[in-house]
Structure formats: C-alpha cells, structure tokens
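# compute the structure for the input listed below.
(2 chains)
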Amino acid sequence: MGTRTDSSFTSRGVALALLLPAFAVYVIAFILPVFKLGEMSFLLSAQGGALQNEYTFSNYVNFLLDTYYLELIFNSILMSLVVTIFTLICAYPVAMLIHVTSPKWRNFLIIITISPLLVSSVVRTYGWMLLLGDTGVINGLLQRTGLIDQPIRMLNDYSGVIIGLVEILMPYMALALLAGFGRLEDSITDAAASLGANAFKRFIYVTLPLTAPGIALGSLLCFVLSISSFVTPRLLGGGRVFLLATEIYDQAIIELQWPMASTLSVVLLILFTITLTAYAWIARRGA
Amino acid sequence: MVGSRKFPLIFVGILLYIFLLSPIFVVIPLSFSNDDWLAFPPSSWGVRWYLEILSNQGIIRSFWTSLILGAIVTVISLAVSLPAVYAIKRSAMRGSDAVLNFFTSPLLLPSIVLGLAILLVFAPIGLLGTYTGLTLAHLIVTIPYAIRILATSLSTLNRSIEEAAATLGATPIKVFFLVTAPMMLPGLLASAVLCFLVSFDEVVISLFLVGPRLTTLPVSLFSYVESHSDPMGASVSVLLIVFTLVFVFVLERLMGLSKALGK
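Alright, predicted model coming up:
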C-alpha cells in the first residue's frame, strides 16, 4: 500500500474540493427539485395559480377516490405489461440470431440493433405516425393493392402506442437478453437433443431457463421505460390515450396544477420502487 | 446441420430488423413529398419542404440553440466530471462507491418526473426559457454518463506510469495533466460524444423548461408534428438523422470512436 499513497492524495479537503463543482450542480438541479416535488405533492392550489400555505393529504386522497386517476394507473400498468411481453417476443429471436451467428456478422448485427438508439425518439415516433396514419404508408399500400377499402385505424389509439413503444424499446431488450445469453452453449442443447428432446422441449427445458436472467433484466428495463415514456404515447395516442406520464404533463403544463402533477409523479416513483423491489426479490429467488 | 436449423431464425430475424428500422427509413421518401399534407404515395415529389425549413425561423433558431446548448453542456460536463472522478478513484476517501452511485442516480428517475421537479424550482427564479436553466437541467442527465465512462477509463489505466512520474519528482498536478489526462483521452472523447448526443436529443425535460423565445430542436420538432400534418416534419427528421450520422462518422474516422467506446 506504500506506493498507493505516492500518486494518490490523502487530503480530504482536496478530494472534497474536486467533488464540489459536480455536487453543486446536483444540489441545484437534482436534490432541491426532488425535495420540492415531494413538498408540492402535499400542497393545494388556490385561486389564480397561487399555492395555499398548509400541508394536506387531500391530493393523495383525491387520487385514491377518483376513478379517473385509478384508471390511469391501471392503463399504465396494463399497457406497460403488454409492451414488455411483445418487446420480449420481438427481441428474443434478434438476440438469439446475434448469439448464434459468426463473429463477423455478430458485430454488424449488434451495430444495426443499437443504431436506432442514436436517432431521437421524436423522429422514431414520427416515423410511426407516417407508417400508421389513416393516409400513411401501411394504409396507402393496403388500399393500393385493393386489400382494404377503408383505412385501418391504428393511430390515436392504444394499438399505435404499443407498436411504437415495442419498436423503440427493442434495442434495450435485445442488449439485456444478449448479456444473459452467455451461459447458452450449443453443446448443452445438442446434449438434450441426443437424449431425445424435440425442438420444443429443448427450448422450454434448456434454452429458456438458461436465458431467464436476461429475460428478467430486459423485462424490468422495458417495463420501467414504458411506464415512464411520454413522447410516444403523446404523439401516437393523439390525446386519446390516458396514462400516468401524459397526465403528469397535462396537469403541469396545460392545467397548471403543479400540486396534482407532483402527487402523480410521487405515485409513479412508488410504482418504480415496487417494480425494482419485485425484481430484486425474483432475482434473489432465481439465484 | 447448423445451416438448416438457423434458416427459420434468419428469416424471422430479417422481418424483425425491418420492423426495427422501418420508422427510421420511412421518413426518407415522405420528406421528398411536395404535397400540402402527408399521404402515401405522395401525388408529386420534390424538395419543397426542405426549402420551407430554410424560411422557418423557429426551426432554424432551435437548431442553433440545440447546437450551442450541446456544446456548453459537453464542456461543463467534462469540466466538473473529471475532477469528481479523480477524487472518487484516486483519493483514500471512504464510501467512494456510494458517491459514484449518487452521481449516477438521476438516470433512475423518469425524465417526466425529473422535468417537472426541475420546473418547480426553476420557474419561480426565472430560469425558464434560458440557457442557464436548460444547461443545468441537461447536466443532470449528461454528468452520470460522463462520470461512469471516465471512472471506467481511469480505473483501467496503468498506475505504474503515474507512479513513475511521481517518483521522478512530478507534482500531483503535473502528473495529472502530463500523464493521467493524456492517457484518458479515449475515455474523455467517448464521454464528450455521448454528452453531446444526449443533450442534443433530450426532449422530455426540455419540454418543461423551454420558453417562447428559447427552444431546442427536438422540442420544436415535437410541437410541430403534434400540430401540423404536412411533410416538413419528415424533412427535419431526415436532416436530424443525417446530422447524427455525419457527427458519429466523422468522429469515428478522426479518432476511432468505436475503440474508445468499446473500452
């Protein structure tokens, strides 16, 4: 340990001074705002956008009693679960293909898989507006080929939001799955095959359990990203999709009801904590 | 044996890649539509909407804002992250892992919550629609990446070179600027690129903080496509994609970005 102190500094003061600029930014733009959010969730708006000066639980009581808000929670959770399942179904073959392919193709496929992450989510969501709209590409092609007379409605509806989110979250899921595919080797599935297991049995009893940690991690990531997504539900939902995240924005920016927006944010954070705790519990049981 | 077993997988894989890339490629043909509103196939083709961008002051100004903001955010991110990482990794400080986790914790919060929280503090002190407000907010989502990458970069360095310099009489400051910092160059570069891209693409937090006079390109694109159904959104999208591609490609050529990110 003697050499360690040669090039490292032991002075606490110097270390704290070096941390100070970053810490100052965090106090102003992270710690204070989070505390303010918590405080705001216990306040009430008075007339004309001002705030009343006393703390109250009434936002939370309103939240629990109003079926509209409970519906938001239900919609958000259900939609995120559906998105997570479809993303898993879409990303699993992609990750599997990357895993079994030759090293030369492997790098190429990985680059193609993550390159959409470089493109702004606004642009990718807009791409889905162009594809799914009533006069969009898919309806245009289907009508040209005479398969349909009337455009199929996919935009301004949950179906459009789900399609868009599945595509946007696919790269994250594929990467998480790929990280968990390390334990999967041909020799193991070959052994199962030589013992007489058919393709279906090999998948259910060998491949799936071995890739379960990746599935769990990817699903956690997808669920959390999906329940907090705003841009995609807003643009593809066209104001007809009611979720927690879109309601937070509406309350804050359109209704100027900062206290209720804060309360809904706290609820979203509680949902996050529950999800993470559940994941930690499942991961520990699986290990 | 392997080939025949792989064939269905390759087929499904190709379909899924088409699904994954379709929203990115679809903006290209529609950006060359000359129609008044979006329809496929367009009734006439041309560059009309690219020319319209040039006369749209809002879009042009927000592009410059995003560019300037991205540059400021990148410089400040590195300037505050580098000393912080050095203190975390090179001092005898206890609990350095906890400090590292603290600095990456903003990424755990949903952007929509972070945006609202920052609005609540910044609105009363007049930071809405200002460079100061947007810079501080973007720093909260770029510093976590910068600190993570720089911490990895610093801990994979060969300590013996720094120790040799110190043994030969270099002061800690000289060791840092003449030995440590040059060796961290790939990491510094990778974090600079990532900080810029994160800031340039940031939309949800910015939505809460922009004002009528100062807005970023992703926010103005978001507002535009929410309220207009003409092909200009597609033209702006194509320019955004081309800008990102050129940015990444030039950096890759100049300095081997993939090597730096791969470390």
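
# point to the residue nearest the middle of chain A.
residue A:225 (1.2 Å; CA atoms, centre = their mean).

# that one belongs to a strand, doesn't it?
No - counting by DSSP: H, G, I helix; E, B strand; the rest coil, residue A:225 falls outside a strand, being helix.

# wait, what's in contact with the closest residue to chain B within the stretch 1-150 of chain A?
Using CB to the nearest CB, the closest approach of the stretch 1-150 of chain A to chain B is made by residue A:127 at 2.7 Å. For every residue, glycine as well, the C-beta is placed using N, CA and C. Counting by CB atoms under 8 Å, 6 or more residues apart in numbering or on different chains, residue A:127 makes contact with B:22-27, B:237.

# now the buried members of those residues.
B:22-24, B:26-27, B:237 (16 or more other CB atoms under 10 Å in any protein chain shown).

# between those residues, which sits nearest residue B:150?
Nearest to residue B:150 among the buried ones among the contacts of residue A:127, counting by CB to CB, is residue B:24 at 30.7 Å.

# that closest one: helix or strand, and which one exactly?
helix B:2-25 (DSSP states H and E).

# do residue A:98 as well
If you go by DSSP H and E, residue A:98 is part of helix A:67-100.

# could you list the low-pLDDT ranges of chain B?
Flagging of chain B using pLDDT under 70 yields the residue ranges B:1-5, B:254-263.

# for the residue of it found nearest chain A, which non-adjacent residue is spatially closest?
Taking CB to the nearest CB as the measure, the point where chain B comes nearest chain A is residue B:23, at 2.7 Å. Among residues not flanking residue B:23 along the chain, residue A:127 sits closest, at 2.7 Å (CB to CB, 6 or more residues apart in numbering or on different chains).

# in what helix or strand does the closest residue to residue B:41 other than its chain neighbours lie?
In this structure, residue B:41 finds its nearest non-sequential neighbour in residue A:140, 6.1 Å apart by CB to CB, 6+ apart. Using DSSP H and E, residue A:140 maps to helix A:137-144.

# flag every buried residue along that helix.
Neighbour count says helix A:137-144 has A:137-140, A:143 buried, by 16+ other CB under 10 Å.

# would you convert the residues you listed into CSV that also reports pLDDT?
As requested, the buried residues of helix A:137-144 are exported to CSV (pLDDT from 0 to 100):
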residue, pLDDT
A:137, 87
A:138, 88
A:139, 87
A:140, 85
A:143, 85
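
# ok, back up a step: distance check, the residue nearest to residue B:41 against residue A:130.
Distance, residue A:140 to residue A:130, using CB to CB, to the nearest Å: 10 Å.

# which residues are in contact with each of the two?
residue B:40.

# how about the residue of chain B closest to chain A, what does it touch?
A:123-128, A:130-131, A:164, A:167.

# residues of the stretch 151-287 of chain A that sit close to chain B?
Proximity of the stretch 151-287 of chain A to chain B is confined to A:164, A:167, A:170-171, A:227-228, A:230-231, A:234-235, A:245, A:248-249, A:252-253, A:258, A:261-262, A:265, A:268-269, A:272 under the rule CB under 8 Å from any CB of the partner chain.
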